[in-house]
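>>> here are the coordinates; sequence isn't available:
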């Protein structure tokens, strides 16, 4: 209350609405302990500390974003038993999303990269008028429009590949974006909140507190939005249009990695190197299967066709491949 009073005190801002929203220290994944048992499935080496991972069904490829040389970023592409391929980006990318049709988009300062997985080629797209904007999040709507989030708390909905159609600046920072249809959901770690943005990109429809320290967000094919409350040790499940919290379930050991699939919602526990698959269809998460993982299981991806779960280490321990993971 004292901190809030200071924010609203006279003289803090000429207009209180212009002051940044009050925030807390953002939660983070736990620092995982060394692995004591043999991880399930097969572990394949992938260089560097992975930042995020996406599975592309059109090319049956896992894409892993990680650091490259000289301040650049690199995308490693893993397909079946073939040797990994790499795509070196000309600058640093902060995060990645897929279009499920053989393409990736990656947020960077001033715009984003498009990567053609089959060709192994990256193209930089500069957003008009935003050359100095630090973009920290990206997603794609069903209509194909890209939505970007920035470090200074704005959401940009593009109406062409390089033109901003709408801008909404009400957040402390945009840490993750997800879409269900053409509805965008924003995760702000500092405010530990999720917010639904309307299809025009100009208005926040609903905003909800997301536990004690939300860190990551994913969607599933059933229209649900999954959020890991890492500080509060919970899995949160929302519906959209309108944004409503539908389920809230304890998941211990610093849950962080998330992926939603047609059958199960997968959550990694970074404090004990474990991943668990939950069935959400009964209205309360029901654990169906769990696996031992590589160290620091920060990123998850899933191939719904083959039932393969990918657990990607954030400490450089590689990619764990678990076939027929759903049991």
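Everything's here; your move. Quick caveat, the model's predicted, so the values are computed rather than measured.
>>> how deep is the nearest residue to residue 278 once chain neighbours are set aside tucked in, by neighbour count?
Excluding the flanking residues, the one nearest residue 278 by CB to CB, 6 or more residues apart in numbering is residue 285, at 4.0 Å. From N, CA and C alone the C-beta is placed, and that goes for glycine too. Using other CB atoms under 10 Å, residue 285 has 23 neighbouring residues.
>>> Please name the residues that touch residue 285.
235, 237, 247, 249, 265, 278-279 (CB atoms under 8 Å, 6 or more residues apart in numbering).
>>> change it to 10 Å
By CB atoms under 10 Å, 6 or more residues apart in numbering, the contact list for residue 285 reads 226, 235, 237, 247-251, 264-265, 267, 276-279.
>>> Over to residue 220?
Listed by CB under 10 Å, 6+ apart, the contact set of residue 220 reads 180, 226, 237, 258-266, 280, 302.
>>> Looking at it now. What's its pLDDT?
We have a pLDDT of 97 for residue 220.
>>> Contact partners for residue 190?
Contact analysis of residue 190 by CB under 10 Å, 6+ apart lists 20-27, 153, 171-173, 175, 213.
>>> On the three-state scheme, it is what?
Secondary structure for residue 190, judged by DSSP: H, G, I helix; E, B strand; the rest coil, is coil.
>>> Let me know whether residue 74 touches residue 67 as I believe.
Yes - with contact defined as CB atoms under 10 Å, residue 74 reaches residue 67; the gap is 6.9 Å.
>>> which one of those two has more residues nearby?
Neighbours were counted for residue 74 and for residue 67 using other CB under 10 Å; residue 74 has more, 18 against 15.
>>> Are there residues contacting both of residue 74 and residue 67? Which ones?
Common contacts of residue 74 and residue 67, defined by CB under 10 Å, 6+ apart, comprise 47-48, 93.
>>> Any chance of a markdown table for those residues, columns neighbour count, secondary structure and distance to residue 125?
Shown next, in a markdown table, are the shared contacts of residue 74 and residue 67 (neighbours: other CB atoms under 10 Å; DSSP: H, G, I helix; E, B strand; the rest coil; distance: CB to CB, whole Å):
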| residue | neighbour count | secondary structure | distance to residue 125 |
| --- | --- | --- | --- |
| 47 | 15 | coil | 27 |
| 48 | 16 | coil | 24 |
| 93 | 29 | strand | 12 |
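>>> need the contact list for the residue nearest to residue 237 when sequence neighbours are not counted.
Excluding its sequence neighbours, the residue lying closest to residue 237 (CB to CB, 6+ apart) is residue 247, at 3.8 Å. When contacts are counted by CB under 10 Å, 6+ apart, residue 247 touches 224, 226, 234-239, 265, 278, 280, 282-285.
>>> Would you enumerate the residues in contact with residue 84?
Counting by CB under 10 Å, 6+ apart, residue 84 makes contact with 44-47, 61-62, 64, 76-78, 319.
>>> Quick check: the gap between it and residue 218.
Using CB to CB, to the nearest Å, residue 84 is found at 24 Å from residue 218.
>>> just residue 109 next, same as before
Noted for residue 109: a distance of 25 Å to residue 218, by CB to CB.
>>> Looking at those two, which one has more neighbours?
Using other CB under 10 Å as the criterion, residue 109 and residue 218 rank with residue 218 on top: 22 against 19.
>>> ok, back up a step: make TSV out of the shared contacts of residue 74 and residue 67 and add distance to residue 308 and pLDDT.
Shown next, in TSV, are the shared contacts of residue 74 and residue 67 (distance: CB to CB, whole Å; pLDDT from 0 to 100):
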residue	distance to residue 308	pLDDT
47	21	79
48	22	83
93	25	98
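>>> Which residue ranges of the protein form helices?
2-8 (DSSP state H).
>>> Give me the subset of the contacts of residue 84 lying in strands.
Judged by DSSP state E, the subset of the contacts of residue 84 located in strands is 44, 61-62, 64, 76-78, 319.
>>> what bits of the stretch 1-150 of the chain have low per-residue confidence?
1-20 (pLDDT under 70).
>>> Let's see if you can find the most crowded of the ones in strands among the contacts of residue 84.
That'd be residue 64 among the ones in strands among the contacts of residue 84, by other CB under 10 Å, with 27 neighbours.
>>> what's across from that residue in the sheet?
Bridge pairing for residue 64 (DSSP bridges) gives the partners residue 53, residue 76.
>>> do you know how far it is from residue 82?
According to CB to CB, residue 64 stands 15 Å off from residue 82.
>>> neighbours around residue 281, how many?
By other CB under 10 Å, 11 other residues sit near residue 281.
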